[in-house]
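Peer 1: Any chance you can model this:
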Amino acid sequence: MMRSLNEVQGLVLKAARGAGVPLGHAEDIAAAMPDYIALGGDMGALAAALDCPHTAWTDGHGCAVMAGPTAIDLVRAGQGEQRINGADLPLLFVGLVSMANRFGAGLACDVQDDCVVIAVGQGATVTLAIGPVTVEGAAWAALMKLAARTFVPETETSRAAGAGAGLTDND
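Peer 2: Residues are numbered from 1 along each chain as shown. As a prediction, this is how the structure comes out:
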């Protein structure tokens with residue numbers, strides 16, 4: 001189905017938060033969606049990666065959701081090149097680096113199979129899509145399911161506590 005990039009970014013942010021991804025990482029991943037999509041990134045694979053336990057990045061291993069933004073921050077902080085072995089979503093790393101480069105990061109991203117190296121260098125950039133993009137229905141549904149984890153339950157108690165319009169809606 002066709003979706004605007006804003007819709008995709010908004011849903012990915014909500015889905016990441018619903019999956020327990022820290023806010024800063026969720027914001028970075030959502031901001032990188034135009035790059036990820038332009039690279040041909042699989043939204044179903046992204047939803048599956050979000051729905052996995054998010055392990056901290058240690059010893060060069062970790063999921064793209066946690067390792068990508070962390071590696072970029074380390075390189076930008078002068079900690080040298082960062083190597084991620086066994087990367088689950090290599091295109092997400094490239095998308096995150098491309099997004100950072102739109103803001104002047106000056107980073108290079110080298111992907112060889114499931115190994116990603118991020119370093120200071122000739123910046124990787126992507127020609128972004130303009131207009132609506134196609135997102136597979138199953139991938140959209142999986143992202144919606146994750147985003148739904150952020151919703152307040154629909155009960156009288158939650159409405160009495162201020163959720164939604166409250167107990168009366170007299171607009």
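
Peer 1: list the contacts for Arg3?
Peer 2: Under the criterion of CB atoms under 8 Å, 6 or more residues apart in numbering, the contact list for Arg3 reads Pro132, Val133, Thr134, Val135, Trp140. The way it works is simple: take the backbone N, C-alpha and C, and place the C-beta from them, glycine included.

Peer 1: List the contacts of the first one.
Peer 2: Contacts were defined as CB under 8 Å, 6+ apart; by that measure Pro132 touches Met2, Arg3, Ser4, Leu5.

Peer 1: Switch those over to CSV; also include distance to Leu46.
Peer 2: Rendered in CSV, the data for the contacts of Pro132 read as follows (distance: CB to CB, whole Å):
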residue, distance to Leu46
Met2, 18
Arg3, 14
Ser4, 17
Leu5, 14
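
Peer 1: Any quick ChimeraX command for the buried ones out of these?
Peer 2: Listed next is the ChimeraX selection for buried residues among the contacts of Pro132, using 16 or more other CB atoms under 10 Å:
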select :3,5
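
Peer 1: Restricting the selection to alpha carbons, write stretch 26-42 to PDB.
Peer 2: The C-alpha atoms that make up stretch 26-42 are tabulated as PDB, following Å, rounded to 0.1, in the frame of the first residue of the first chain:
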ATOM      1  CA  ALA A  26      13.800   5.200  18.000                       C
ATOM      2  CA  GLU A  27      14.000   8.800  16.700                       C
ATOM      3  CA  ASP A  28      17.200   8.000  14.800                       C
ATOM      4  CA  ILE A  29      15.700   4.900  13.200                       C
ATOM      5  CA  ALA A  30      12.500   6.800  12.200                       C
ATOM      6  CA  ALA A  31      14.600   9.600  10.800                       C
ATOM      7  CA  ALA A  32      16.600   7.100   8.700                       C
ATOM      8  CA  MET A  33      13.500   5.600   7.100                       C
ATOM      9  CA  PRO A  34      13.700   7.600   3.800                       C
ATOM     10  CA  ASP A  35      17.300   6.400   3.400                       C
ATOM     11  CA  TYR A  36      16.400   2.800   4.300                       C
ATOM     12  CA  ILE A  37      13.500   2.700   1.900                       C
ATOM     13  CA  ALA A  38      15.500   4.400  -0.900                       C
ATOM     14  CA  LEU A  39      18.200   1.700  -0.400                       C
ATOM     15  CA  GLY A  40      15.500  -1.000  -0.900                       C
ATOM     16  CA  GLY A  41      15.300  -1.900   2.800                       C
ATOM     17  CA  ASP A  42      12.800  -4.600   3.700                       C
END
